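> make a model of this:
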Amino acid sequence: MATINQAAVKQDLYDAVNGEWLKTAEIPDDHASTGGFMDLVDAIEKTLMSDFDAMAAGDSDPDDPQLAEFIKFYQLTKDFDRRNADGAKPILPCLKQINSLSDLADLQTRMPDWIYDGLPLPFSLDVDADMKNTAVNALFAQAPGTILPDKTYYDEGNQSGPKLLAVYAKMMTELFEKVGYDAETAQATVDDALKFDRLIVPWVKSAEEAADYSKMYNPRDFKAFANNSRYLDLAAITYSVINGNPEVVILPEPAYFDHFNEVVNPENFGLMKNWMKAKLVQRLSGYLSDDIRTLGTTYSRTLSGQKQPRSQAKSAYYLATGTFDQVVGLYYGHKYFGEAAKADVHQMVEKMIGVYKRRLQTNTWLSTATREKAVVKLDNLGIQVGYPDKLEAVYPKFKTHTAADGGSGPRHVLHL
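Okay, the predicted model is just below:
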């Protein structure tokens with residue numbers, strides 16, 4: 001083991017510990033970072049790709065139904081011969097849906113199906129644990145994300161913003177040409193998408209503002225929320241996609257809904273349609289032919305500093321595992337972590353909780369009420385070690401249409 005110069009430690013601890021490693025460390029071209037944690041990720045990736053490639057080739061069999069569905073999906077993502085032959089065809093029905101929209105009333109009619117299908121919309125609804133009472137679920141309404149990673153990038157004087165938008169615009173124009181648009185229409189579509197994006201920017205939070213988690217909890221009377229739009233019936237849309245009669249909706253971005261009519265209105269409808277197309281093409285480019293797949297990563301790679309796109313093999317692996325993440329995680333946990341290790345770590349955590357509890361009970365500088373509340377929290381901790389005992393209920397519903405069944409591109413991904 002190399003010795004560390006004590007004087008160097010006092011001068012610069014980080015350089016003393018990491019300096020020699022930094023001199024030789026190299027970031028692989030298809031990575032955005034390197035280091036010990038990335039080495040672990042790479043090792044797990046290599047192990048799982050080997051396992052799943054063997055299953056996809058028929059050399060071994062999946063040991064449960066959900067894993068079998070994942071392998072069928074993995075076979076689709078790996079089939080670049082077919083993906084390249086199909087080109088952009090799998091995405092065209094989705095684009096056709098957006099193209100056929102006539103006005104906001106038409107969008108209103110179709111929106112329930114679009115929410116289920118995962119098509120881009122100017123707001124989203126979801127049900128999740130209430131941030132202040134996790135024993136119950138709450139309705140959340142979210143603003144859409146901006147093209148740039150943070151609203152401060154749009155500030156005047158920010159030099160990174162215009163450069164990144166130029167990369168995005170060039171990539172999207174080329175993507176639209178790949179899916180069949182002529183150069184002029186592609187450019188106009190992207191210009192409209194950028195204009196609609198600008199309408200969103202003033203009413204969403206910066207990363208710094210969003211970091212204040214307590215201010216993300218903004219419960220609002222549901223009837224008041226429903227009145228935020230003069231052009232869409234937000235109540236009818238909500239009732240069509242959730243069960244129950246919500247009295248409250250939580251708005252992490254309340255300013256966006258306060259100004260909703262300034263963003264989503266008949267005057268901006270054409271801009272919004274083209275913004276939806278851009279969101280769709282960028283999001284689903286990874287499911288298409290290899291040239292479209294690699295082109296579609298240009299902007300994200302510019303943001304991360306990744307020099308090269310992932311190989312076909314890795315992109316297929318991550319595309320499939322991203323959809324079946326918990327299925328894959330459970331497989332890895334059972335095979336490479338195991339029940340014995342899980343029980344051992346669980347016992348360690350219980351011992352740690354016991355130590356904290358004893359320390360709190362003998363603590364002299366906290367008030368009695370504070371100590372009692374802290375002990376209640378310890379007694380109610382949910383210990384999550386290794387992997388869950390069972391999958392979430394949604395995963396058994398995932399069904400993959402194989403190539404023989406007509407499965408191919410994103411249209412079938414959306415309906416898993």
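
> which residues in the stretch 151-300 of the chain form strands?
Shown for the stretch 151-300 of the chain, the strands assigned by DSSP state E, counting those that start in this stretch span residues 219-221, 248-250.

> what's the closest of the ones you listed to Tyr213?
Proximity to Tyr213, assessed across those by Cβ to Cβ, is greatest for strand 248-250 (12.6 Å). No exception for glycine: its C-beta is placed from N, CA and C like everyone else's.

> how far away from the center of its chain is that closest one?
When C-alpha coordinates are averaged (Cα atoms, centre = their mean, to the nearest Å), strand 248-250 and its chain have centres 22 Å apart.

> what's the closest of the strands of the stretch 151-300 of the chain to Tyr181?
Between Tyr181 and these, the shortest separation by Cβ to Cβ is 37.4 Å, and it involves strand 248-250.

> from the strands of the stretch 151-300 of the chain, which stretch is densest packed?
Comparing the strands of the stretch 151-300 of the chain by mean neighbour count (mean count of other Cβ atoms under 10 Å), strand 248-250 comes out on top with a mean of 19.

> averaged pLDDT, that strand. What do you get?
Averaging the model's pLDDT scores along strand 248-250 yields 96.

> I'd like the strands of the stretch 151-300 of the chain laid out as JSON lines, including distance to Tyr213.
Supplementary listing: those in JSON lines, determined by distance: least, Cβ to Cβ, whole Å:
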{"stretch": "strand 219-221", "distance to Tyr213": "15"}
{"stretch": "strand 248-250", "distance to Tyr213": "13"}
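
> to Asn18, which of the ones you listed lies closest?
Of all those, strand 248-250 comes closest under Cβ to Cβ, at 42.3 Å.

> partners of that closest one in the sheet?
Taking DSSP bridges as the criterion, strand 248-250 forms sheet pairs with strand 133-142 (parallel), strand 219-221 (antiparallel).

> which of those has the lowest mean pLDDT?
Ranked by mean pLDDT, the strands paired with strand 248-250 end with strand 133-142 at the bottom, a mean of 90.

> from the opening residue of stretch 19-32 to its closing one, how far?
Stretch 19-32 stretches 20 Å from its first residue to its last (Cα to Cα, to the nearest Å).

> list the buried residues of it.
Residues of stretch 19-32 classed as buried under the neighbour-count rule (16 or more other Cβ atoms under 10 Å) are His31.

> which one of the strands paired with strand 248-250 lies closest to Pro62?
Distances from Pro62 to each of the strands paired with strand 248-250 were compared by Cβ to Cβ, and the smallest falls on strand 133-142, at 32.2 Å.

> can you lay out the strands paired with strand 248-250 as TSV showing distance to Gln306?
What follows is the strands paired with strand 248-250, written out as TSV (distance: least, Cβ to Cβ, whole Å):
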stretch	distance to Gln306
strand 133-142	27
strand 219-221	40
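
> which one of the ones you listed lies closest to Val264?
Val264 sits nearest to strand 133-142 of all the strands paired with strand 248-250, at 12.7 Å, using Cβ to Cβ.

> residues touching that closest one, excluding its own?
123-131, 219, 222, 225, 238, 242, 246, 248-253, 257 (Cβ atoms under 8 Å, 6 or more residues apart in numbering).

> quick one: which of those residues sit in helices?
Among those, the members found in helices (DSSP state H) are Phe222, Phe225, Thr238, Phe257.

> so what's the closest residue to the second one other than its chain neighbours up against?
Once its chain neighbours are removed from consideration, Phe225 has its nearest residue in Val249; the separation is 4.7 Å (Cβ to Cβ, 6 or more residues apart in numbering). Listed by Cβ under 8 Å, 6+ apart, the contact set of Val249 reads Ala138, Leu139, Phe140, Ala141, Pro219, Arg220, Phe222, Phe225, Thr238.

> could you rerun that using 7 Å?
Under the criterion of Cβ atoms under 7 Å, 6 or more residues apart in numbering, the neighbours of Val249 are Leu139, Ala141, Arg220, Phe222, Phe225.

> a markdown table for the residues you listed, including distance to Tyr318?
Conversion of those to a markdown table gives the following (distance: Cβ to Cβ, whole Å):
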| residue | distance to Tyr318 |
| --- | --- |
| Leu139 | 32 |
| Ala141 | 30 |
| Arg220 | 37 |
| Phe222 | 38 |
| Phe225 | 37 |
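
> specify which member of those residues is nearest to Lys307.
Ala141 (38.8 Å).

> partners of that closest one in the sheet?
On DSSP bridges, the residues paired with Ala141 through beta bridges are Leu125.

> of the contacts of Val249, keep whichever come out buried.
Burial of those was assessed by neighbour count (16+ other Cβ under 10 Å); the buried members are Leu139, Ala141, Arg220, Phe222, Phe225.
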